[in-house]
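**Q** Sequence and predicted structure are below.
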There are 2 protein chains.
Amino acid sequence: MRRTRRLIQEALVALILEKGYDAVTVTDIIERADVGRSTFYAHFADKQDVLFSNLDQLTFLHPAPRDDPGELFAFSRPMFEHVREQERLVRALMGRRGGGLAHRRGEQLLAARVKDELIAAGGRASAALDLLVTCVVGAFMGLLRAWIDGETTASPAELDAAFRAAVLPGVRAALKET
Amino acid sequence: MRRTRRLIQEALVALILEKGYDAVTVTDIIERADVGRSTFYAHFADKQDVLFSNLDQLTFLHPAPRDDPGELFAFSRPMFEHVREQERLVRALMGRRGGGLAHRRGEQLLAARVKDELIAAGGRASAALDLLVTCVVGAFMGLLRAWIDGETTASPAELDAAFRAAVLPGVRAALKET
DNA sequence: TGCCTTTCCGAACGAGGTGTTCAGAAACGA
DNA sequence: TCGTTTCTGAACACCTCGTTCGGAAAGGCA
């Protein structure tokens, strides 16, 4: 049943926020969800499976594509806003407490997007461009995790501004050289 | 004995490179090190303790301080070079296989250093500066991990160049505004 | 209502990991 | 040679995992 799946997913999210992903055991989950042990394994392969099953619900990972092809990194602000709206779920899945697994998924999706934008803006695919993408993604994910882990209380607008200010000058300079 | 400690540390490094940190068990370690179980617990509290005990040997985490106060982020190139020299140990401790624990230590040390440099270069301590620091550290650690995990084969000089090109324009602009 | 199918329950199991304890062996220094 | 430090490895209680299985509960359908 779909209800059972949801109970298990929500139990894991709640427990991650309390103890951190690594400390949560399957036994914890089934007790919290009030579900039989065999029922758990009928729906999910293991703990990680539950974690990933929550990932689809993170709307900020699937932002609206290129509305305005003129502006670079237009995803930034909406993403930070989505993150704030889904604060609870994001904190559980993407922060330090989440064990880093979901974080890597986010990095990969973002890297693909950033690379697309840079190429669309005139960059040529090359090893140097990949390094630039890595820097941009690193900066963005750094800000994201700082906010998720409560190291900053900045608003989405401020995070967006900091990201653009830090990264856009270097990116523009790199694109002009091509 | 110091020899025993070293045997255990080296066993963990070797095993991380083979299986990844999470998959390594204490039993694995003592078998590889050819050491009694009780001996292990006489020297280390647990697996994580062994991991952290290796951290002091990472020379790139303790770079020579501010030789030339004029140049921003002078640590970058020497760090990438140190990383290459200690490739094996760095791969085990700082890469994805290392479980991310040591990676966070590196982030913290680097963040403190970057913040110091920015303030020495005329930046004023503020929330905005902290966000900038986060971006810079994110970019650097992103490059570092990309190299560690074999996503790029760039040389230390190339990594350094990519880091500076991506980050310095934004940093200079931010410093001028103050 | 009665029947049948799907779903869930929870106890039990074996396998494997953890960290501790302890008596004895080995190495070492004086 | 003697005494101290260090290591050994078996045994321990405890926890977690993922599976199995008989039976209970829920739900559709006639």
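**A** Looks like it came in fine.
**Q** Quick one: mean pLDDT for whichever helix or strand A:Ala157 is part of?
**A** Applying DSSP states H and E as the criterion places A:Ala157 in helix A:156-177. Rounded to a whole number, the mean pLDDT of helix A:156-177 is 95.
**Q** what's the answer for stretch A:91-108, then?
**A** The predicted model assigns stretch A:91-108 a mean pLDDT of 85.
**Q** With stretch A:124-136 instead?
**A** The pLDDT scores in stretch A:124-136 average 96.
**Q** what sits up against that stretch?
**A** Residues outside stretch A:124-136 that contact it (Cβ atoms under 8 Å, 6 or more residues apart in numbering or on different chains): A:73, A:111, A:114-115, A:118-119, A:123, A:167, A:170-171, A:174, A:178, B:139, B:142-143, B:146, B:151-152, B:154, B:158-159, B:162-163, B:165-167. From N, CA and C alone the C-beta is placed, and that goes for glycine too.
**Q** that older thread, does any part of the helix holding A:Ala157 sit near chain B?
**A** Yes - with Cβ under 8 Å from any Cβ of the partner chain as the measure, helix A:156-177 is seen reaching chain B through A:158-159, A:162-163, A:165-174.
**Q** Ranking by neighbours, what's the top pick from these?
**A** With neighbours set by other Cβ atoms under 10 Å in any protein chain shown, the maximum within the residues of helix A:156-177 next to chain B is found at A:Ala166, which has 30 neighbours.
**Q** roughly how far apart are the residue nearest to it when sequence neighbours are not counted and B:Asp22?
**A** Closest residue in space to A:Ala166, ignoring its immediate chain neighbours: B:Cys135 at 3.7 Å, by Cβ to Cβ, 6 or more residues apart in numbering or on different chains. According to Cβ to Cβ, to the nearest Å, B:Cys135 and B:Asp22 sit 29 Å apart.
**Q** Return the residues of chain A in contact with DNA strand D.
**A** By the criterion of Cβ under 7 Å from any atom of the strand, the positions of chain A lying close to DNA strand D are A:Thr25, A:Val26, A:Thr27, A:Arg37, A:Ser38, A:Tyr41, A:Ala45, A:Asp46, A:Lys47.
**Q** got a list of what the first one touches?
**A** When contacts are counted by Cβ under 8 Å, 6+ apart, A:Thr25 is found next to A:Lys47.
**Q** that older thread, looking at B:Cys135 and B:Asp22 now, which is surrounded by more residues?
**A** Neighbour count, other Cβ under 10 Å: between B:Cys135 and B:Asp22, B:Cys135 has more, with 29 against 14.
**Q** tell me which element the more buried one falls in.
**A** Counting by DSSP H and E, B:Cys135 is found in helix B:127-148.
**Q** List the buried residues for that helix?
**A** Within helix B:127-148, the residues scored as buried using 16 or more other Cβ atoms under 10 Å in any protein chain shown are B:128-148.
**Q** How much space separates the residue lying closest to A:Arg91 once chain neighbours are set aside from B:Arg172?
**A** Nearest-residue entry for A:Arg91: A:Ile148, 5.6 Å, with adjacent residues in sequence omitted and distances by Cβ to Cβ, 6+ apart. Taken as Cβ to Cβ, the spacing of A:Ile148 relative to B:Arg172 amounts to 29 Å.
**Q** excluding its backbone neighbours, what's nearest A:Asp160?
**A** In space, A:Asp160 is closest to A:Arg77, 4.1 Å off (Cβ to Cβ, 6+ apart).
**Q** any idea how far that neighbour is from DNA strand C?
**A** Going from A:Arg77 to DNA strand C by Cβ to the nearest atom of the strand, to the nearest Å gives 40 Å.
**Q** What parts of chain A come near chain B?
**A** When proximity is defined as Cβ under 8 Å from any Cβ, chain A approaches chain B at A:96, A:100, A:104, A:127-128, A:130-132, A:134-143, A:146, A:151-152, A:154, A:158-159, A:162-163, A:165-174.
**Q** got the contact list for the helix or strand containing A:Arg113?
**A** Assigning secondary structure by DSSP H and E places A:Arg113 in helix A:101-120. Contacts of helix A:101-120 with the rest of the structure, by Cβ under 8 Å, 6+ apart, involve A:21, A:48, A:51-52, A:55, A:61, A:66, A:69, A:72-73, A:75, A:93-94, A:125, A:129-130, A:132-134, A:136-137, A:140-141, A:144-145, A:171, A:175, B:96.
**Q** mind listing what's buried in it?
**A** Neighbour counts using 16+ other Cβ under 10 Å place A:Ala102, A:His103, A:Gly106, A:Glu107, A:Leu110, A:Ala111, A:Arg113, A:Val114, A:Lys115, A:Glu117, A:Leu118 of helix A:101-120 among the buried residues.
**Q** Looking at the residues you listed, which is nearest A:Val13?
**A** For A:Val13, the closest of those turns out to be A:Ala102, at 11.4 Å, with distances computed as Cβ to Cβ.
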